[in-house]
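# I'll drop the sequence and a predicted model, then ask my questions.
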Amino acid sequence: SPTSTEGSIGSWWRGLRLVAIDGTVFDLPDTEANSAHFGRPGSGRGEMQGAFPQARVVALVECGTHAIIDAEIGACSTGETTLARS
């Protein structure tokens, strides 16, 4: 949740809280359950899939403190803009 108070440097502009949306992927433990739920990225080698299942995470972050306000986690095949809408 947001942690800065109004007027904190880097967190506010003209009375508005500054936030950013960004995404990343995380390698997950190599289990059948994770593969089934999150999937694996494609690869041009071997079995044509990545070595580990991956989860995509998109987060809404307070700019001044870098505190995560909200996040959505999904399959690696789900795009960042799709997760951001959630």
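Happy to help now that I have it. Numbering: from 1, shown residues only.
# now the helices: where do they sit in this protein?
Along the chain, the stretches classed as helices by DSSP state H are 32-38, 80-85.
# all strands of the protein, in order?
Using DSSP state E, the strands found in the chain span residues 12-13, 16-17, 19-27, 54-62, 68-75.
# now the ones you listed as CSV including distance to residue 42?
Yep, even glycine has a C-beta here, placed from its N, CA and C like the rest. As requested, the strands of the chain are arranged in CSV below (distance: least, CB to CB, whole Å):
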stretch, distance to residue 42
strand 12-13, 40
strand 16-17, 38
strand 19-27, 13
strand 54-62, 11
strand 68-75, 13
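# need the helices of the chain in CSV with mean neighbour count, distance to residue 53 and mean pLDDT, can you?
What follows is those, written out as CSV (neighbours: other CB atoms under 10 Å; distance: least, CB to CB, whole Å; pLDDT from 0 to 100):
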stretch, mean neighbour count, distance to residue 53, mean pLDDT
helix 32-38, 13, 4, 95
helix 80-85, 14, 16, 94
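# circling back to that earlier point, how about the strands of the chain, which one is nearest residue 82?
Distances from residue 82 to each of these were compared by CB to CB, and the smallest falls on strand 68-75, at 7.7 Å.
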